[in-house]
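**Student:** Give me a model of this one.
(chains A and B)
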Amino acid sequence: EAGVAQSPRYKIIEKRQSVAFWCNPISGHATLYWYQQILGQGPKLLIQFQNNGVVDDSQLPKDRFSAERLKGVDSTLKIQPAKLEDSAVYLCASSLAGVGEQFFGPGTRLTVL
Amino acid sequence: QQQVKQSPQSLIVQKGGISIINCAYENTAFDYFPWYQQFPGKGPALLIAIRPDVSEKKEGRFTISFNKSAKQFSLHIMDSQPGDSATYFCAASMGGGADGLTFGKGTHLIIQP
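**Tutor:** From the prediction side, this is the model:
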């Protein structure tokens, strides 16, 4: 079974630029999550989708971050404009609805200069 | 507000010894408590998880102990091996649809040969 795929794996941008990350969840997983992991800390939930609807985006900085999940499969997370403090690893995870276990992708490491 | 507190921040254990990591939570609505293992450059991977209706769960060398009244849970790694050297995160989530994980800050575990 293929795991959660993410791209790109690494991205370096200047502050105030825009960036987008892509995630393809495990086939059949209705629930998709985006987490932000700052160096030395645990992941922090940004947004949760159930199919293509948003379940929880209470910790998403909506003035600069946006996310979508078209057709209930792939998802993109966008930052516009980026700030220095956005430097982190962005992790995508997926799960079967209501099961509990979340499967994480390898993450995208973002560096904002 | 940190809802899941994890300790210690780092831990060095001799090969064959027992590694113990502790977590405490505040939100009594949490009903799922997983432990994740993360290697450098990889996403977190589920190690073992417990729900509050049991006080202990064992899978191989890994055991979760859960104390609902104290709102604490811990991970015990028996016969620790150098391959167990990684960062470990405790986490918690609520039931229902919004089941995004709240993570602790992590424990960097080193098993010395």
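**Student:** List the contacts of the helix or strand bottoming out on mean pLDDT in chain A.
**Tutor:** Using mean pLDDT, DSSP states H and E, the weakest-scoring helix or strand in chain A turns out to be strand A:53-56, at a mean of 93. With contacts defined as CB atoms under 8 Å, 6 or more residues apart in numbering or on different chains, strand A:53-56 is touched by A:31, A:45, A:47, A:48, A:49, B:97, B:98, B:100. Any C-beta I mention is one placed from the backbone N, CA and C, and that applies to glycine too.
**Student:** Looking at those, spot the one nearest residue B:14.
**Tutor:** residue A:45 (35.9 Å; CB to CB).
**Student:** nearest spatial neighbour of that closest one, skipping sequence neighbours?
**Tutor:** Using CB to CB, 6 or more residues apart in numbering or on different chains and skipping residues adjacent in sequence, the residue nearest residue A:45 is residue B:100, 3.8 Å away.
**Student:** now residue A:92
**Tutor:** residue A:23 (3.4 Å).
**Student:** Repeat that for residue A:96.
**Tutor:** residue A:29 (5.8 Å).
**Student:** which bits of chain B sit near chain A?
**Tutor:** B:4, B:6, B:32, B:34, B:36, B:41-46, B:49, B:89, B:91, B:93, B:97-106 (CB under 8 Å from any CB of the partner chain).
**Student:** List the contacts of the residue nearest the centre of chain A.
**Tutor:** Closest to where the C-alpha atoms of chain A average out (CA atoms, centre = their mean) is residue A:34, at 3.1 Å. Contacts of residue A:34 were listed using CB under 8 Å, 6+ apart, and they are A:23, A:45, A:46, A:47, A:67, A:75, A:77, A:90, A:91, A:92.
**Student:** Adjacent strands (with direction) for whatever helix or strand it lives in?
**Tutor:** If you go by DSSP states H and E, residue A:34 is part of strand A:31-37. Applying DSSP bridges, strand A:31-37 is found paired with strand A:44-50 (antiparallel), strand A:88-95 (antiparallel).
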